[in-house]
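Visitor: I'll drop the sequence and a predicted model, then ask my questions.
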Amino acid sequence: MIVMSLNHKLNEKYLKLHIAKEKAFWAMYMNLKEFIPRDFAKTENILKAYISDTSILKEIRKELEKNDLSDEERIGLLGWKKYFEIHAIENEEAKALAQKIVKMEEKLGQTRQEMKLGYIDPKTGEFIEASSTKLYLMITSEKDESVRRAVYESLCSIETFLLKNGFINIIKERNRLARMLGYEDYYDYRAFIFGDMSKKQLFSILDDFEKNTRSACQIVANELKSKHGENAVKPWNYKFYSEGYLNAQLDPYFPLEQALIRFGKTFMAMGIDFKNALLQLDLVERKGKSPARFMHIPFPPYIENGEFKPAWINIASTAIPGTIGSGKDTLIVLLHEGGHSAHTSNITMPSPCFSQEFPPTSPSFAETQSMFIDQLINDADWLSLYAANEQGEPIPWELIKENLENQHRDLIFASRRILTTSIIEKYLYELSDGDLTADKILPTIRKIEADILTEPSYFPTLSIPHLITGDFSAYYHSYLLGLLGVYQTRTYFLKKYGYIIDNPKIGEELRKEYWEQGNLKSFTEYIKDLTGEEFSANAFIDQINKSIEEIYYEAEKSIEKLKEIPEYKDPIDLQADIRIVHGDNIIVSLKDDVNFEAMAEKYANWIKSIKKED
């Protein structure tokens, strides 16, 4: 009789429950035929009941007292010990409340998906149905200001809808849970379990960031006003005047049909692969599908008895074929979620607790990986090498310059918009139950947005899906910390190698220094171990304080550097089983001996067929 080790039992039990939850999550968010109402809440609560069981933590601690454990067993058990220490809940009332909150979140999420969203045409008074993705694109590209304003008001209606349909009660119950567990409030609790720092430490960093970027933000706002008038930074105008015209100019160089092949080549040329993972991609919008763009890991990879068990990863986006900006937007999602996926796929530790995406995995470190990759799309050398129109004509230098200027401006506003979301979430969880009313919340949100961004945000804060989703609530600050990590990492690589694009040493070093050990170390430890410096905002602050002339000079140098770099011409083999789906339908899969290039071409033809139907 073979006796299974405790680490093996934990691996098997966790995966069984986690996979069930992830299947239910995907079915609900993708609106599949197999979707069963309340199944996600049911499976998530079963998983949460398991990971909050304190008796398992006691069993792990007792096992670790043994002297005859193998290295693999001991490392695996230490990982599980850390995992259960974060998630275990001794208080039975708190366990019941946590399960209640999951059901409340699922109900609100489902209600939000069913919300009839659109805008009132200011010319005809007609209601035009449009998804939140469509509205976000329109607020950037629509030429008529009255329509943009109607679109903004529609996005604001999401906030009112959520507050009327249960979000306030979710905030109250999340706070009640956190206080039962000994925390000041829910944000304090989330900051702790993410493991990066306490709420006080976190907002000390964010407050310093706000002070160091306030004047730069005001300068950008003043420049837009002087160029386009006083109303240029109004929430329905900012995105249009800062990048709407540019988006239309860039759009021919980012055809949606080319997003997949450019994703594959960008990763391949940087020496990044997915270590035999299954990647399932659902990239195009459809009715009933969630507007959220995300990456989830139904099967976190690990090594057991010397055998590597590869990842299974789901990626979702909401491309709208034929819409200006959708090609670039989809490619950004592929690079971003692909960065997450490469990080996860290359983790080689003896337990899935090291590679799953929730605490103790640091979201700030995870976002450093994804944003490091998605930032490449605006680098002058990447644009020069990869961006071309359907006739194969490369993007012109003058358009690259315009994009650099826009991205420099948007880096300031986008980072402060992330900051705004974090400050507003903190504000919500610090309110007393009596003050949690729509009449108090909404005016204060607009006031905070205007204080940080000079005007209310072009993306109304409560319309952001993260806030209502349990796993991603009180999470948004991770994008800002991750962005700081990105620029510290970029600065290190540029000093060491002189270039990032098409440099296979980048993938090799990321794999070795950032990825293979999973959540074994903290975010700040990883940053210091790679760069040799303590984590800080210095590299980011240096970037936003550069003059546009400096940025143009560095861009020209990076394009000139391409002459020294061999062009990548080998076949694309990302070491992944890729399946592209549209809901319940498989569009194309690599399983049928189709190479990546052929798969991308078939996907491109499918996109063209959708455009013709529309």
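Guide: Perfect, thanks for sending it.

Visitor: quick one, domains of the chain?
Guide: Following automatic domain parsing, one finds the domains of the chain at 6-107, 118-562+577-613.

Visitor: point out the most buried one among those.
Guide: Using mean count of other C-beta atoms under 10 Å, the stretch among the domains of the chain with the largest mean neighbour count is domain 118-562+577-613, at a mean of 19. For glycine as for every other residue, the C-beta is placed from the backbone atoms N, C-alpha and C.

Visitor: related to what we said a few turns ago, rebuild the domains of the chain as a markdown table, extending it with distance to residue 571.
Guide: Converted to a markdown table, the domains of the chain look like this (distance: least, C-beta to C-beta, whole Å):
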| stretch | distance to residue 571 |
| --- | --- |
| domain 6-107 | 30 |
| domain 118-562+577-613 | 6 |
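
Visitor: okay, those domains in TSV with mean pLDDT next?
Guide: Listed next are these as TSV, based on pLDDT from 0 to 100:
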stretch	mean pLDDT
domain 6-107	95
domain 118-562+577-613	94
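
Visitor: wait, which of the ones you listed is closest to residue 569?
Guide: Proximity to residue 569 (C-beta to C-beta) singles out domain 118-562+577-613 among the domains of the chain, at 9.6 Å.

Visitor: and the closest one, how far out from the chain middle?
Guide: Mean-position distance between domain 118-562+577-613 and its chain equals 5 Å (C-alpha atoms, centre = their mean, to the nearest Å).

Visitor: surely residue 568 touches residue 269?
Guide: Yes - with contact defined as C-beta atoms under 8 Å, residue 568 reaches residue 269; the gap is 3.8 Å.

Visitor: so what's in contact with the two at the same time?
Guide: By C-beta atoms under 8 Å, 6 or more residues apart in numbering, residue 568 and residue 269 have these common neighbours: residue 502.

Visitor: nearest residue to the most centrally placed residue in the chain other than its sequence neighbours?
Guide: Most central in the chain under C-alpha atoms, centre = their mean is residue 294, positioned 6.1 Å from the mean C-alpha point. Spatially, and ignoring its direct neighbours in sequence, residue 294 is nearest to residue 316 (5.4 Å; C-beta to C-beta, 6 or more residues apart in numbering).

Visitor: wait, that neighbour touches residue 32, no?
Guide: No - Residue 316 is beyond contact range of residue 32, at 11.9 Å (criterion: C-beta under 8 Å).

Visitor: mind telling me what element the residue lying closest to residue 597 once chain neighbours are set aside is part of?
Guide: Spatial nearest neighbour of residue 597, chain neighbours left out: residue 572 (6.2 Å); criterion: C-beta to C-beta, 6+ apart. Assigned by DSSP states H and E, residue 572 belongs to no helix or strand.

Visitor: near residue 572, how many other residues are there?
Guide: 18 (other C-beta atoms under 10 Å).

Visitor: relative to residue 604, how far out is it?
Guide: According to C-beta to C-beta, to the nearest Å, residue 572 and residue 604 sit 14 Å apart.

Visitor: how about the helices of the stretch 201-350 of the chain, start to end?
Guide: For the stretch 201-350 of the chain, the helices defined by DSSP state H, counting those that start in this stretch cover 238-239, 245-250, 259-269, 326-345.

Visitor: a markdown table please, covering the ones you listed and showing distance to residue 481.
Guide: Shown next, in a markdown table, are these (distance: least, C-beta to C-beta, whole Å):
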| stretch | distance to residue 481 |
| --- | --- |
| helix 238-239 | 24 |
| helix 245-250 | 28 |
| helix 259-269 | 24 |
| helix 326-345 | 15 |
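
Visitor: residue 373 is nearest to which of the ones you listed?
Guide: Nearest of the helices of the stretch 201-350 of the chain (C-beta to C-beta): helix 326-345, 3.6 Å.
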